[in-house]
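1. Okay, predicted coordinates and the sequence, questions at the end:
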Amino acid sequence: MRLRSIVLFCGLFTITIASLASPRSFAAEQSSDVPAWLRAHVGEGEGQIAKVVLQRARALYQQKVSQGAVKNPCYFAMDATRPNDLSDGRLGGRFYVICESKRSFRAISAGHGGGRDLKGVADFANGRRCAKNFGNAMDSTLTTGGAYVTGETKTSFKGYYRISAKQDAVLIRSFVQFDGEGETANARQREIGGHPAELLRNVCLRKDPRSPHANHDGYVPFGVLENYAGGRSNGCTSWSPSDAGQIIAMVKDNPTTLYIYPDSADIEAVARAVAAGRSLTGMGLYWNASCLNEIRLPKFWPRESLEPILAQYKKEHPAPAQLPTPICKAQ
């Protein structure tokens, strides 16, 4: 198997990407060595991982380990064809944390990209439960399936929020950058990564000159904490705050791989089969049956066609001037 290196220049940084054959091309040859304890988790039921998703995730991980790019004993996978919101406050397990040396397998929830509805131009928005639209265009807020390696972790102060009548807490959120290849190669440009599904709403500025986070005028942001683990993201992979803490700790200074299913070829093949009334199983294709019944026909929006549409829409619909953050009323 030949190894080739591609050198990309990104601002002041030089990134060298060593690539072998795609995970898809040799996933089949590695499926036979899946240990019995892990095969027990393979399936399409709740808490299980579809066979093709595991095969590709393992292939990507073993490829990067053999290259010396990854030494982490664990790797990740995500099945974005599965439902996220199962109703009644239940979330679907579709992000997988697999540590084969420890015989550990976990299925947790994760949000998918919400997409956008450009009124009268193009509608590629996704619902909360299932993702219909996928893509890799800048500003599309869509999930892109394919191969990633976790990068550096960035931590930032978001503001304060109230947890009781007399006590406030600080929201400091961590973000794990993803680096991709092929269709996911612009992950860094798109600021795609993983983070806790929490943010502050209705933010105002409160006077607190003693805070280490105060600005030059002595103000800090203050808002209402929202956990959106059952919702959508801007294209990133969002986890519940408790799960995010564990995952971020696992990859800090110790990168690993993430394979997100489906990629564009899967989406297009499934769309053709559905349109022709063919059986996915009979054609060796996979999509979660519940979500496929809901979305009917998935679609991949390539950056080459969607980015010009987004650019033209932005030109014709400029964003309103950003108003300054208001000062909080007395509390």
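-> Thanks, I have the structure now.

2. average pLDDT for the longest helix seen in the chain?
-> When the chain is parsed with DSSP state H, its longest helix is helix 51-67. Per-residue pLDDT values over helix 51-67 give a mean of 98.

3. tell me what it is packed against?
-> Secondary-structure packing of helix 51-67 (3 or more CB pairs under 8 Å, 6 or more residues apart in numbering; DSSP states H and E): helix 23-31, strand 75-79, strand 95-99, strand 257-261. Placement of C-beta: from N, CA and C, glycine included.

4. Ranked by average pLDDT, which of these falls at the bottom?
-> Among the helices and strands packed on helix 51-67, helix 23-31 scores lowest, with a mean of 48.

5. how many neighbours does Leu171 have?
-> Residues within reach of Leu171, counting by other CB atoms under 10 Å, total 18.

6. Surely it forms part of a helix?
-> No - according to DSSP: H, G, I helix; E, B strand; the rest coil, Leu171 belongs to no helix; its state is strand.

7. three-state assignment of Asn293?
-> On the basis of three-state DSSP, Asn293 is classed as helix.

8. Specify the strand with the largest residue count in the chain.
-> strand 146-164 (DSSP state E).

9. Would you mind measuring from the residue nearest in space to the middle of the chain to Arg94?
-> In the chain, the residue lying closest to the centroid (CA atoms, centre = their mean) is Thr237, at 2.4 Å. The gap separating Thr237 from Arg94 is 10 Å, by CB to CB, to the nearest Å.

10. Please identify every residue contacting each of these two.
-> Met78, Ala110 (CB atoms under 8 Å, 6 or more residues apart in numbering).

11. Please, where are all the helices along this protein?
-> Counting by DSSP H, the helices of the chain are 23-31, 36-39, 51-67, 241-251, 264-275, 289-295, 303-316.

12. Only the C-alpha atoms, please, for the fifth one, written as CSV.
-> Put plainly, it is helix 264-275. Included here for helix 264-275 are C-alpha records, laid out as CSV according to Å, rounded to 0.1, in the frame of the first residue of the first chain:
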residue,chain,number,x,y,z
SER,A,264,-21.7,11.8,0.4
ALA,A,265,-21.4,8.5,-1.5
ASP,A,266,-23.7,6.7,1.0
ILE,A,267,-26.2,9.5,0.9
GLU,A,268,-26.4,9.5,-2.9
ALA,A,269,-26.6,5.7,-3.1
VAL,A,270,-29.4,5.6,-0.6
ALA,A,271,-31.3,8.4,-2.3
ARG,A,272,-31.0,6.6,-5.7
ALA,A,273,-32.2,3.3,-4.2
VAL,A,274,-35.2,5.0,-2.4
ALA,A,275,-36.2,6.9,-5.5
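
13. First-to-last residue distance for stretch 123-130?
-> With CA to CA, to the nearest Å applied, stretch 123-130 spans 15 Å between its terminal residues.

14. List the buried residues for it?
-> Phe124, Ala125, Asn126, Gly127, Arg128, Arg129, Cys130 (16 or more other CB atoms under 10 Å).

15. now stretch 314-330
-> Of the residues in stretch 314-330, those buried (16+ other CB under 10 Å) are Cys328.

16. now that stretch, how far from the centre of its chain.
-> 27 Å (CA atoms, centre = their mean, to the nearest Å).

17. Kindly report the same for stretch 224-235.
-> For stretch 224-235 - counting by CA atoms, centre = their mean - the centre lies 12 Å from the chain centre.
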